[in-house]
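Engineer: Coordinates for the following, if possible.
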Amino acid sequence: MIVREAMSTPAVTVPGSWSVRQAVRLLHERGVTAVPVVDQAGYLVGVVTETDLLRGEFETDPAAFLRATAAAGEPPVVRVEDVMTTEVRTASESTDLAALAELMITMGLGIVPVLRGDRLVGVLRRHDLMRLVSDSDARVRDDVLAAIRERFPAGPHWTVTVRAGVVRLQGTAGGHAARAVHLLARTVPGVTRVAVVDAPNAV
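Structural biologist: Just a heads-up that it's a prediction; the model follows:
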């Protein structure tokens with residue numbers, strides 16, 4: 001499975017010139033915890049998280065987290081570009097989803113912008129991964145069987161079992177047909193791994 005099949009699109013973004021408070025309102029309204037930051041031409045320049053925004057809005061004194069920053073006169077406006085992260089891990093639409101998910105877990109990434117060339121086309125969030133995992137095994141099994149029947153309407157027949165997204169294919173076909181079914185099953189959303197085993201009596 002590749003990133004394009006799981007990413008959220010279009011990506012919710014904020015301009016670097018926005019104030020922190022503007023960005024906070026957007027994240028709250030959209031129910032997200034991080035967004036890509038873009039320049040005036042729409043190119044990716046960073047990522048900002050709710051933690052970045054809160055740090056920009058409140059003083060560092062722990063006691064001040066109960067009140068907004070205030071200073072004599074008009075305080076300077078803190079902008080998204082002042083608090084965003086500029087070293088951003090990105091992916092392409094064809095990136096292997098399992099490899100990227102492992103990277104996100106290992107590095108604690110909540111969001112990965114997805115680029116087509118140098119243009120932002122979507123984002124992969126932890127929520128997208130959770131949505132895939134939450135797809136029931138029964139639904140994944142039905143989707144795998146439907147894909148096989150559409151591609152090979154005349155058979156051979158395969159027995160399909162799914163457990164936690166891991167697909168086990170049993171059938172009498174070998175060689176090219178088995179490899180084709182293996183690749184086909186991997187394209188189904190919710191599939192994390194595919195194993196093909198020989199089963200002479202499969203129906």
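
Engineer: What helices and strands are in contact with the helix or strand hosting residue 127?
Structural biologist: Assessed by DSSP states H and E, residue 127 sits inside helix 126-134. The contact analysis (3 or more CB pairs under 8 Å, 6 or more residues apart in numbering; DSSP states H and E) places helix 126-134 against helix 97-107. C-beta coordinates here come from the backbone N, C-alpha and C atoms, glycine included.

Engineer: how far out from the middle of the chain is the helix it packs on?
Structural biologist: From the chain centre to the centre of helix 97-107 is a distance of 10 Å (CA atoms, centre = their mean, to the nearest Å).

Engineer: and if you look at stretch 86-103?
Structural biologist: For stretch 86-103, the distance to the chain centre is 8 Å (CA atoms, centre = their mean).

Engineer: For it, give the mean pLDDT please.
Structural biologist: Stretch 86-103 shows a mean pLDDT of 94.

Engineer: Quick check: which ranges of this protein have low pLDDT?
Structural biologist: 59-75, 135, 174, 198-203 (pLDDT under 70).

Engineer: how's it carved up into domains?
Structural biologist: Domain assignment for the chain by automatic domain parsing gives 3-133, 135-198.

Engineer: I'd like to know which elements the helix ranked longest in the chain is packed against.
Structural biologist: When the chain is parsed with DSSP state H, its longest helix is helix 137-151. Under the contact definition 3+ CB pairs under 8 Å, 6+ apart, helix 137-151 sits against strand 158-163, strand 166-171, helix 175-186.

Engineer: Run through who's touching it.
Structural biologist: The contact list for helix 137-151, computed with CB atoms under 8 Å, 6 or more residues apart in numbering, reads 158, 160-165, 167, 169, 180-181, 184-185, 187-191.

Engineer: hmm, 7 Å instead?
Structural biologist: 158, 160, 162, 163, 165, 167, 181, 184, 185, 188, 190, 191 (CB atoms under 7 Å, 6 or more residues apart in numbering).

Engineer: Check stretch 84-96 too.
Structural biologist: Residues contacting stretch 84-96 (CB under 7 Å, 6+ apart): 2-4, 16, 37, 44-48, 52, 100, 109, 112-116, 121, 124.

Engineer: Sort out which residues of that stretch are buried, please.
Structural biologist: 84, 88, 90, 91, 95 (16 or more other CB atoms under 10 Å).

Engineer: Output these in CSV; the columns should cover secondary structure.
Structural biologist: Shown next, in CSV, are the buried residues of stretch 84-96 (DSSP: H, G, I helix; E, B strand; the rest coil):
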residue, secondary structure
84, coil
88, coil
90, coil
91, strand
95, coil
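
Engineer: Pick the one among those closest to residue 176.
Structural biologist: Nearest to residue 176, judged by CB to CB, of the buried residues of stretch 84-96 is residue 95 at 27.0 Å.

Engineer: Give me the phi and psi for the closest one.
Structural biologist: Per-residue torsions, residue 95: phi -60, psi 140 (degrees, to the nearest 10).

Engineer: Residue 156 too?
Structural biologist: Per degrees, to the nearest 10, the backbone of residue 156 is at phi -70, psi 170.
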